[in-house]
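*Asks:* Got a sequence here, can you model it:
(2 chains)
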Amino acid sequence: MKIICAVAGVAVKELYRRKEFYVLLIVTILICLVMGSVNVFNDDKVIRYLKELALLLIWISTLIIAITTTARQIPAEKEQRTLLPLLAKPLSRNQLIVGKFLGCWVACGLALICFYIFFGALAASREHAWPLLNYFQAALLHWFALGVVVALALFGSLVFAAPSSNSTICFVIVATILCLGRYLDAVALAQSEPIRSIFYAIYFAIPHLEIPFGMRNLIVHNWPLVEWKFIALDAIYLLAYIALFLAAACLVFRRKPVN
Amino acid sequence: MFGFPPQTRELKMISPRKISLLFIALLIFCFGLAANLLPQFWRIENENHQSQNFFALLLGDSSRIFANSFATKADAYYHSGYYPTIFDNNSAFKTLHMAEDTGAVASHNSGEEENFMGPPRDWIDAFGRHFIPNRHTHLDEGGPTDDLSKSDEVREILPWLKLSAELDPHNIQTILATSFFLRTKMNKTSDAEEVLREALRSNPDNSQLLFELGRIRFENYADTFRARNIWEAALRELQKQIVQKKEDKLDFDDRFMFEQLETKLAQLEEYAHNNGPAISHWEAVKIVSPTPEEIQKHIDELKQKTAATNSPAQ
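*Replies:* Purely as a prediction, here's the structure:
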């Protein structure tokens, strides 16, 4: 475990050494402040449009951070020729993969904390309320969804040749799931066989990241808390996909030449 | 001999009377030209009113599509996010509910608004419904909390309505909803009136806008004189519109507007104790009303009341 934590620590350090996180955070803050300065019939309590925009920007920013950070982990080790010396130490390939995953996931979690603190402050500035448990539920599932994305990007970095192609493919897959994932079964119903079965297979195979993504609406419109058992079930569901992608990554990495 | 020509002719003086006459003629010409051009410039300015908006200028005619999207967004906010997508059955959401609630827009909705999602299609769909808004509520009725004291939260739809109205100043539903909620839920009557007057510049003599303007004068200022004038003007415009139509018949929307205007005029006359005109307006309402018996009952009551007040004088 110590070895895995050491590998993860390097990935976390990489997050605050690189400028992406700071740039995305500042851009998010700036856009929200500019949009917040819009005068809507001299009413200073209008906030929901701003909350929606802020949450959307947070999702986009954290997805960018998760995919770009993870996609370059293994290729960078190869390019800098540090992969072989790393594996020469008492560190198995599986531990390396798990360490890299954990590092990127924790880094995303830290970024997420900063973003949600800003979001909470923004909402409280006009609503004068802190529904902390609601924010915690949304942030928790957001973090688990990012875990799936990180695991997917890590798996992709072992399958695809370059980090750029891996990042692009990951973005396309995640964006498609977020936009259409919930409706694939409805689309399938309108198709004839065999397309219907193919759509259904895709629908049941993909990780439904749109479930945590849909929680934005609950936060924006101040809906009551989601029952904790459903939060736990969704977390378990997402954890299963994380494990699946990690297992696939370990399997691919085990058979991959490192030199 | 070959130098400058003699200047005797050029130096000849023009009489001051001629100069002043010329000056007056020029002034008259300028005044006439200005009087002729000014209305034309105003017309051009009105025609290009939409292009003054940055987004409308940038997007051209497609701005209407965006305007409709923003109006739909406002309606989604009105339902606190519980709103159908293109994949859901949206027959109960064809007319924006927020516009329908203003009382100035006829509803074309049918079907179940409470359960447009239908039964869950599979376990993922059923599970996912715990993480999205899953109950039909209106923001002006308290939204998801059902707390009526929070009905002013309807303000949250205003940014989208404002944006939509700026992109398409001819979208009457958006303007009506903006004005209605500003007036009724946020107590911003002057802002509501300003929104309507601004919209009337782009849509002169629109009967729905005039109807809402009349309501402001009557319900908020108790100004029966102006309200009557505005509603009568709206009625005239509506009749003009109906005549211009090919079939020269009242369609569903016209019928609705006619009924609303006549009802309001009848209520106004009752308020002003003018029972005679009130009865004639109720008679007009009876022709188009889906419940003529109720209206007839009210007319009879009014007639009795009028007879009772007239009898002591006799």
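*Asks:* give me the number of residues near A:Leu209?
*Replies:* Neighbours of A:Leu209 under the rule other CB atoms under 10 Å in any protein chain shown: 26. C-beta coordinates here come from the backbone N, C-alpha and C atoms, glycine included.
*Asks:* surely it meets A:Val148?
*Replies:* Yes - with the criterion set as CB atoms under 8 Å, A:Leu209 and A:Val148 qualify as a contacting pair; they are 6.3 Å apart.
*Asks:* where do the contact lists of the two overlap?
*Replies:* Listed contacts common to A:Leu209 and A:Val148 are A:Leu238; contacts here mean CB atoms under 8 Å, 6 or more residues apart in numbering or on different chains.
*Asks:* And the helices in the chain, which stretches?
*Replies:* Looking at chain A here, since you left the chain open. For chain A, helices defined by DSSP state H occupy the ranges A:2-17, A:20-36, A:48-71, A:73-79, A:83-88, A:93-127, A:132-159, A:163-180, A:184-189, A:195-205, A:210-220, A:228-254.
*Asks:* That was the other one, I meant chain B.
*Replies:* Secondary structure of chain B, counting by DSSP H: helices at B:16-47, B:54-59, B:63-78, B:97-100, B:123-128, B:158-167, B:172-184, B:189-202, B:207-215, B:224-244, B:252-271, B:275-288, B:292-313.
*Asks:* which stretch among those helices comes nearest A:Lys2?
*Replies:* Counting by CB to CB, A:Lys2 lies closest to helix B:123-128 out of these; the figure is 37.8 Å.
*Asks:* okay, the helices of chain A in a markdown table with mean neighbour count, distance to chain B and mean pLDDT next?
*Replies:* Below are those laid out as a markdown table (neighbours: other CB atoms under 10 Å in any protein chain shown; distance: least, CB to the nearest CB, whole Å; pLDDT from 0 to 100):
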| stretch | mean neighbour count | distance to chain B | mean pLDDT |
| --- | --- | --- | --- |
| helix A:2-17 | 15 | 28 | 80 |
| helix A:20-36 | 15 | 9 | 90 |
| helix A:48-71 | 22 | 4 | 92 |
| helix A:73-79 | 17 | 31 | 84 |
| helix A:83-88 | 13 | 39 | 80 |
| helix A:93-127 | 20 | 10 | 91 |
| helix A:132-159 | 23 | 8 | 93 |
| helix A:163-180 | 17 | 9 | 91 |
| helix A:184-189 | 17 | 5 | 86 |
| helix A:195-205 | 14 | 7 | 90 |
| helix A:210-220 | 23 | 4 | 91 |
| helix A:228-254 | 16 | 4 | 92 |
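*Asks:* Looking at these, spot the one closest to B:Leu22.
*Replies:* Among those, helix A:20-36 sits nearest to B:Leu22 (CB to CB), with 58.4 Å.
*Asks:* Return the alpha-carbon coordinates of the closest one using PDB.
*Replies:* Provided in PDB are the C-alpha atoms of helix A:20-36 (Å, rounded to 0.1, in the frame of the first residue of the first chain):
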ATOM      1  CA  GLU A  20      -4.300  23.500 -16.100                       C
ATOM      2  CA  PHE A  21      -6.100  23.400 -12.800                       C
ATOM      3  CA  TYR A  22      -5.400  27.100 -12.000                       C
ATOM      4  CA  VAL A  23      -6.300  28.300 -15.400                       C
ATOM      5  CA  LEU A  24      -9.600  26.300 -15.400                       C
ATOM      6  CA  LEU A  25     -10.500  27.500 -11.900                       C
ATOM      7  CA  ILE A  26      -9.800  31.200 -12.700                       C
ATOM      8  CA  VAL A  27     -11.700  31.000 -16.000                       C
ATOM      9  CA  THR A  28     -14.700  29.400 -14.200                       C
ATOM     10  CA  ILE A  29     -14.600  32.100 -11.600                       C
ATOM     11  CA  LEU A  30     -14.300  34.900 -14.100                       C
ATOM     12  CA  ILE A  31     -17.100  33.600 -16.300                       C
ATOM     13  CA  CYS A  32     -19.400  33.200 -13.300                       C
ATOM     14  CA  LEU A  33     -18.500  36.700 -12.000                       C
ATOM     15  CA  VAL A  34     -19.200  38.300 -15.400                       C
ATOM     16  CA  MET A  35     -22.500  36.500 -15.700                       C
ATOM     17  CA  GLY A  36     -23.400  37.300 -12.100                       C
END
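*Asks:* Now do it against helix B:158-167, angle only.
*Replies:* Direction vectors for helix A:20-36 and helix B:158-167, defined by axes from the mean of the first three to the mean of the last three CA atoms, to 10 degrees, enclose an angle of 70 degrees.
*Asks:* ok, how many other residues are close to B:Ile24?
*Replies:* Other residues within reach of B:Ile24 by the criterion other CB under 10 Å amount to 10.
*Asks:* Quick check: which ranges of chain B have low pLDDT?
*Replies:* Within chain B, the stretches with pLDDT under 70 are B:1-12, B:45-56, B:104, B:111, B:148, B:246-250, B:311-314.
*Asks:* Out of the helices of chain A, which gets nearest to B:Thr174?
*Replies:* Among those, helix A:48-71 sits nearest to B:Thr174 (CB to CB), with 15.4 Å.
*Asks:* which helices and strands does that closest one pack with?
*Replies:* Helices and strands touching helix A:48-71, as assessed by 3 or more CB pairs under 8 Å, 6 or more residues apart in numbering or on different chains; DSSP states H and E, comprise helix A:2-17, helix A:20-36, helix A:93-127, helix A:132-159, helix A:163-180, helix A:210-220.
*Asks:* show me the contacts for the residue nearest to the spatial centre of chain B.
*Replies:* For chain B, the residue nearest the mean C-alpha position is B:Leu209 (3.0 Å; CA atoms, centre = their mean). Residues in contact with B:Leu209 (CB under 8 Å, 6+ apart) are B:172, B:175-176, B:196, B:199-200, B:203.
*Asks:* Most neighbours among these, which one?
*Replies:* In terms of neighbours by other CB under 10 Å, the contacts of B:Leu209 top out with B:Ile175 at 29 neighbours.
*Asks:* how about the most centrally placed residue in chain A, what does it touch?
*Replies:* Nearest residue to the geometric centre of chain A (CA atoms, centre = their mean): A:Leu146, 2.2 Å. Each residue near A:Leu146 by CB under 8 Å, 6+ apart is listed here: A:62-63, A:66, A:105, A:108-109, A:112.
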